[in-house]
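**Student:** Sequence and computational prediction follow.
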Amino acid sequence: MPELPEVETVRDGLDRLVVGAVVRDVEVFREYSVRRHDGGPDSFRDQLVGRRLSAAVRRGKFLWLPLEDAAPTPLVEPAPSVEPVETPATRQPEPTGTHPAAALLAHLGMSGQLLVRGAAVSIAHAPGPAAVLVPEPAPGTDDWQHPHLRVRLHLTDAPSGARYLDFVDQRTFGHLSVQDLVPVAGSIPAGYGSDLPLLPEPVAHIARDLLDPGLDLDDLIRRVRRRRTQVKRALLDQTVVSGVGNIYADEALWRAKVHWARQTDKLRTADVRRVLDSAAEVMREALAQGGTSFDELYVNVNGESGYFDRSLAVYGQENEECRRCGALVRRDAFMNRSSFSCPVCQPAPRNLR
DNA sequence: CATAGAACCTGTATGC
DNA sequence: TGCATACAGGTTCTAT
């Protein structure tokens, strides 16, 4: 569900509200949500407790929070037991430098949300309110625990006052894990001020996204044209270019006046360039609006919706008039989903009709 | 290697 | 009302 603008909105919120915080405890309510973590829920908790969230970084739809060792203070009150037992809760944090570079990696899948609770700072996007107080959850109130709460991080030392970072996910395609950071030549994901060429292992194969300053657009155009597939499939292939999903692919193709089923190897360089430029443009515009949301399934870390759905030209607009020519927007089946396009502005290739 | 399709989950909307 | 089916913003695994 969340595509680049939505994930970037979340990354920005985490940057402002939870970077600098120390993880004091971790609750995993659904094991499946940490299935990508090597070692299971206990190991996941072990590798987070006592560590500081030092940045918020994104590539495409993946986002991660690099970890560093927090000040070596006891994590919890020493248990008043007669026999001291070594448990994850009582273990002292290891001295700085003993951990390999690692990060808390998140993918929101189709319905994942990261909600910051207890912060007294707003990250509201226009045209929303200028400032809102995110309430601290209180037992007994409706927002105490979201029905799809899968993982909760308990935080301290957040400059914003954030107390909890909640991972909420209805469809459970999203996931959290702790991953080693591995060097990948030349990559500069959003969130790194300079070149820190470190990516979580599961992100190493993900291509740069269209808002990455390190993107080589001409090289990307060549790679797209070297493929033998439909242009929309190439747009959605995260190893070709990342961040584009079903919504922005359709919007980009409409802006570029290219039908989704056109073969990449038959497109002219100028057409491919226009499609990619359009995709970058529509995602930048969506980002400025706080992303696209049709319902409560996508919200930013404050629980607020984005407003870009009002700007969508074709996605979800079946039988509505094309904003350019007035023809009725059509919907086609595509990869167990839908493609929306204008039958006049985006003529279908011959092999399709 | 490149490409296409199924699988992974939960929930809502729609039609019979 | 009950039940079946279709559909939803994504990625990974498997088969070809």
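**Tutor:** Noted; the coordinates are in hand. Nothing here was measured: the structure is a model prediction, and the numbers come from that model. Residues are numbered from 1 along each chain as shown, chains lettered A, B, ... in the order given.
**Student:** any idea of the pLDDT on residue A:71?
**Tutor:** Listed pLDDT for residue A:71 reads 73.
**Student:** and if you look at residue A:307?
**Tutor:** 81.
**Student:** how close does it sit to residue A:285?
**Tutor:** Using C-beta to C-beta, to the nearest Å, residue A:307 is found at 11 Å from residue A:285. No exception for glycine: its C-beta is placed from N, CA and C like everyone else's.
**Student:** Give me every residue in the stretch 51-200 of chain A lying close to DNA strand B.
**Tutor:** A:147, A:148, A:170, A:171, A:172, A:173 (C-beta under 7 Å from any atom of the strand).
**Student:** Tell me the spatial nearest neighbour of the residue in the stretch 101-250 of chain A that DNA strand C sits nearest to, not counting adjacent residues.
**Tutor:** Here the residue of the stretch 101-250 of chain A nearest DNA strand C is residue A:245; by C-beta to the nearest atom of the strand that distance is 1.8 Å. The shortest distance from residue A:245 to any residue other than its chain neighbours is 3.7 Å, reached at residue A:3 (C-beta to C-beta, 6 or more residues apart in numbering).
**Student:** For the residue of the stretch 101-250 of chain A closest to DNA strand C, which residues are in contact?
**Tutor:** Contact analysis of residue A:245 by C-beta atoms under 8 Å, 6 or more residues apart in numbering lists A:1, A:2, A:3, A:4, A:61, A:236.
**Student:** which one of the residues you listed is nearest DNA strand B?
**Tutor:** Using C-beta to the nearest atom of the strand, the contacts of residue A:245 come closest to DNA strand B at residue A:236, 9.9 Å.
**Student:** what residues does the stretch 1-150 of chain A put near DNA strand C?
**Tutor:** Taking C-beta under 7 Å from any atom of the strand as the test, the list of the stretch 1-150 of chain A residues beside DNA strand C reads A:1, A:2, A:3, A:6, A:60, A:61, A:62, A:107, A:109, A:110, A:111.
**Student:** Mind doing that once more with 10 Å?
**Tutor:** A:1-7, A:35-36, A:59-62, A:107-112 (C-beta under 10 Å from any atom of the strand).
**Student:** Now, those residues that are in strands?
**Tutor:** Judged by DSSP state E, the subset of these located in strands is A:59, A:62, A:107, A:112.
**Student:** so residue A:229 touches residue A:264, yeah?
**Tutor:** Yes - between residue A:229 and residue A:264 there is a contact at 5.8 Å, judged by C-beta atoms under 8 Å.
**Student:** Quick check on the residue lying closest to residue A:320 once chain neighbours are set aside: phi, psi?
**Tutor:** Of all residues not flanking residue A:320 in the chain, residue A:329 sits nearest, at 5.3 Å (C-beta to C-beta, 6+ apart). Per-residue torsions, residue A:329: phi -60, psi 130 (degrees, to the nearest 10).
**Student:** before we move on, the earlier item: the more surrounded of residue A:229 and residue A:264?
**Tutor:** When neighbours are counted by other C-beta atoms under 10 Å, residue A:229 and residue A:264 differ, and residue A:264 comes out ahead with 22 against 13.
**Student:** Apart from its neighbours in sequence, what residue is nearest residue A:173?
**Tutor:** Distances taken as C-beta to C-beta, 6+ apart place residue A:109 nearest to residue A:173, at 3.0 Å, with adjacent residues excluded.
**Student:** looking at it, the one you found is touching residue A:171, isn't it?
**Tutor:** Yes - counting by C-beta under 8 Å, residue A:109 does reach residue A:171; the two are 6.5 Å apart.
**Student:** With neighbour numbers in mind, choose between the two.
**Tutor:** The residue with more neighbours, out of residue A:109 and residue A:171, is residue A:109; 17 against 12, by other C-beta under 10 Å.
**Student:** show me what contacts that one?
**Tutor:** Residue A:109 makes contact with A:1, A:169, A:171, A:172, A:173, A:174, A:175, according to C-beta under 8 Å, 6+ apart.
**Student:** burial of the nearest residue to the fourth one once chain neighbours are set aside, as a residue count?
**Tutor:** With C-beta to C-beta, 6+ apart as the measure, residue A:32 is the residue that lies nearest to residue A:172, at 5.5 Å, once sequence neighbours are left out. Other residues within reach of residue A:32, judged by other C-beta under 10 Å, total 12.
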